[in-house]
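Enquirer: After the sequence you'll find the predicted model.
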Amino acid sequence: MTENRFELQVENNIDQLPVIGDFVADSLSHFGADPATVSRVQLVIDEAATNVISYAYPDRKGLVKLVLELHDGDLIITLIDWGVPFDPNTIPPPDLNADVDNRKIGGLGIYFMKKLMDEVAYCFDPVDGNHLVMKKHLSKPQ
């Protein structure tokens, strides 16, 4: 761990979400992010981590690794797991104009990721696992 890189690895257990949230808040505070950005990034990582915890390891225990890095004012978030491959870019955007009673359940987490982050990319490698990489330009508090 360096001043510009923080890592956390936890088991795929929903009880770990507060640990992840605290880790994100502490890391972004160290990076000098403004409170609004911290909240947005926490929301996005909470959604992504919840999906990994809920679906990546359907029949077994597994690990979730989160890496937060600061490069030239950009926050690079990498969420890694070694579970079932899942590319969030294959999910169509939700129909936000649909009647609430007819709206499909789910899908908003990926929508939030794409709306609140500047870039979202995914790759899978059989050895290195699933890598969800998101980038956010950090604005400093004024």
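Expert: Great, that's in hand. Numbering: from 1, shown residues only.

Enquirer: hey, where'd the strands end up in this protein?
Expert: 5-11, 63-71, 74-81, 119-125, 129-137 (DSSP state E).

Enquirer: between the last one and strand 119-125, how big is the angle?
Expert: Taking axes from the mean of the first three to the mean of the last three CA atoms, to 10 degrees, one finds strand 129-137 and strand 119-125 inclined to each other by 160 degrees.

Enquirer: So for the residue nearest the centre of the chain, what's the nearest residue that isn't a sequence neighbour?
Expert: For the chain, the residue nearest the mean C-alpha position is Ile45 (3.1 Å; CA atoms, centre = their mean). Nearest residue to Ile45, sequence neighbours excluded (CB to CB, 6 or more residues apart in numbering): Val24, at 5.4 Å. The C-beta positions use only the backbone N, C-alpha and C, and glycine is treated the same way.

Enquirer: Val38 is in contact with that neighbour, correct?
Expert: Yes: using CB atoms under 8 Å, Val24 is in contact with Val38, at 7.4 Å.

Enquirer: Only the buried residues of the lowest-mean-pLDDT helix or strand in the chain, if you could.
Expert: The least trusted helix or strand in the chain, going by mean pLDDT, DSSP states H and E, turns out to be helix 108-116, with a mean of 79. Under the neighbour-count criterion of 16 or more other CB atoms under 10 Å, helix 108-116 has Gly109, Ile110, Tyr111, Phe112, Met113, Lys114, Leu116 buried.

Enquirer: What does the pLDDT read for the residue nearest to Ile45?
Expert: Looking at Val24, its pLDDT is 97.

Enquirer: And for Ser139?
Expert: pLDDT, read off for Ser139, is 68.

Enquirer: got a list of what Ser27 touches?
Expert: Counting by CB atoms under 8 Å, 6 or more residues apart in numbering, Ser27 touches Phe6, Leu68.

Enquirer: Renumber starting at 91 from here on
Expert: Sounds good: first residue 91 from here, last item Ser117.

Enquirer: and it, how far is that from Tyr145?
Expert: 25 Å (CB to CB, to the nearest Å).

Enquirer: Check Ser119 too.
Expert: From Ser119 to Tyr145 the distance is 30 Å (CB to CB).
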